[in-house]
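this one's structure only:
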Ligand code: AOF
Ligand code: ZN
């Protein structure tokens, strides 16, 4: 056993990078489809470092990313060639809705597992340790121990941030989206619902698609009768109703608007208390929520420090200027970057 050349000594770091990039990129596109589960990607490489397949966890109850990737490799007849698994999240070590991925990897030809981020869920974590157990131990590499790959580790943390927020802090990751015109006003010209460019609208709709809940205020509903649907990009097919929380202190929400929104795939939840919304949404399994509201509600959100990242779209005479503030590794930033890499 001693002196054996290990795979990561023979596989170029650039191949590990390419594999992780592919796993992260595909998993980003599942944001908004997997809650209460995380978005996870898994790339399987052969002994030369070529990507054989990339699996993602499509939605709750369906196979995890690792199981998906192994099944795809089996279906395409390349399972025997699989040597390295690159997973954005520590493989689960529990029997939940699906069997443990640690065992699936142990029972596969995989020899080496690279892990992008530890699992914050105590019920499922422990896969990294299990993979190292004899007999049949795999070589495990944590991205956190590889300073040369800190950028990938950061993106894996951003990918996990919405889920980690719900599990660790018992509140979803909360993104604010705000558009301002040249004069700093949020109000579109009469007869218009928006004033930003098509590229900004696409980003806003990608964000809607990625989130499990929208938070708005009664003022916005009464003034605009917004639709909140995903229109500029295709939405996830067959997704369960998106939660739509309306802060409404005096019960002014029109019944016909509630009926319309329910019809178009929302579950409308009126609440008199903004501060209770994060706990309410976490209890409903939302990993990621976005706030689309007017100045009054946004001022309360800012005052209460309720946001995790804040996207401001500034309309200018030329292309819109995008400003993104974030408390931590931002899934919204990852979503933006992924849109660019998908286009190129
Ligand atoms: C996922 N997808 O690809 C991985 C997950 O109840 P289950 O079986 O759906 O398990 C969900 C937990 O499994 C989840 O909370 C997370 O801790 C772990 N890993 N989950 O949904 C995946 N790898
Ligand atoms: Zn799993």
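Alright, I've got the coordinates. Note that the structure is a prediction, hence the values are computed from the model and not measured. Residues are numbered from 1 along each chain as shown. Ligands and ions are numbered 1, 2, ... in the order given.

got the domain boundaries for this structure?
Following automatic domain parsing, one gets these domains for the chain: 13-165, 171-343.

where does this protein come near ligand 2, residue by residue?
Contact residues, the chain versus ligand 2 (C-beta under 5 Å from the ion): 64, 92, 101. The C-beta positions use only the backbone N, C-alpha and C, and glycine is treated the same way.

Those: which ones sit near ligand 1?
64, 92, 101 (C-beta under 6 Å from any ligand atom).

Please list only the buried members of those.
Buried residues within these, defined by neighbour count using 16 or more other C-beta atoms under 10 Å: 64, 92, 101.

still on that earlier bit, mind putting the domains of the chain into TSV with mean pLDDT?
TSV is the format used below for those (pLDDT from 0 to 100):
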stretch	mean pLDDT
domain 13-165	98
domain 171-343	93
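
Any chance of JSON lines for those, columns distance to residue 7?
JSON lines is the format used below for the domains of the chain (distance: least, C-beta to C-beta, whole Å):
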{"stretch": "domain 13-165", "distance to residue 7": "5"}
{"stretch": "domain 171-343", "distance to residue 7": "27"}
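
Pick the most deeply packed of those.
Ranked by average neighbour count under the criterion mean count of other C-beta atoms under 10 Å, the domains of the chain are headed by domain 13-165 at a mean of 20.

check contacts around the residue in the stretch 51-200 of the chain positioned nearest to ligand 1.
Nearest to ligand 1, among the residues of the stretch 51-200 of the chain, is residue 96, at 2.6 Å (C-beta to the nearest ligand atom). Residues in contact with residue 96 (C-beta atoms under 8 Å, 6 or more residues apart in numbering) are 123-124.

distance of it from residue 271?
Distance of residue 96 to residue 271, computed by C-beta to C-beta, to the nearest Å: 30 Å.

do residue 89 as well
Applying C-beta to C-beta to residue 89 and residue 271 gives a distance of 32 Å.

Can you pull the phi/psi pair for the closest residue to residue 94 other than its chain neighbours?
Leaving aside its chain neighbours, residue 94 sits nearest to residue 124 (4.7 Å; criterion: C-beta to C-beta, 6 or more residues apart in numbering). Dihedral angles of residue 124 (phi, psi; degrees, to the nearest 10) stand at phi -110, psi -20.

and residue 124, what does it touch?
So residue 124 contacts 92-94, 96 (C-beta under 8 Å, 6+ apart).

Now do the strands in the chain.
Secondary structure of the chain by DSSP state E: the strands cover 41-45, 51-56, 84-87, 112-115, 139-142, 173-180, 213-217, 242-247, 266-271, 288-291, 309-314, 321-326.

Can you lay out the ones you listed as a markdown table showing distance to residue 23?
Shown next, in a markdown table, are the strands of the chain (distance: least, C-beta to C-beta, whole Å):
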| stretch | distance to residue 23 |
| --- | --- |
| strand 41-45 | 3 |
| strand 51-56 | 6 |
| strand 84-87 | 6 |
| strand 112-115 | 10 |
| strand 139-142 | 14 |
| strand 173-180 | 20 |
| strand 213-217 | 26 |
| strand 242-247 | 26 |
| strand 266-271 | 31 |
| strand 288-291 | 19 |
| strand 309-314 | 23 |
| strand 321-326 | 22 |
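
Now tabulate those in a markdown table and tack on distance to ligand 1.
Listed next are those as a markdown table, based on distance: least, C-beta to the nearest ligand atom, whole Å:
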| stretch | distance to ligand 1 |
| --- | --- |
| strand 41-45 | 7 |
| strand 51-56 | 8 |
| strand 84-87 | 7 |
| strand 112-115 | 10 |
| strand 139-142 | 15 |
| strand 173-180 | 15 |
| strand 213-217 | 18 |
| strand 242-247 | 19 |
| strand 266-271 | 21 |
| strand 288-291 | 14 |
| strand 309-314 | 22 |
| strand 321-326 | 23 |
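
what about the nearest residue to residue 68 once chain neighbours are set aside, distance to residue 30?
The shortest distance from residue 68 to any non-neighbouring residue, by C-beta to C-beta, 6+ apart, is to residue 55 (3.4 Å). Applying C-beta to C-beta, the value for residue 55 to residue 30 is 11 Å.
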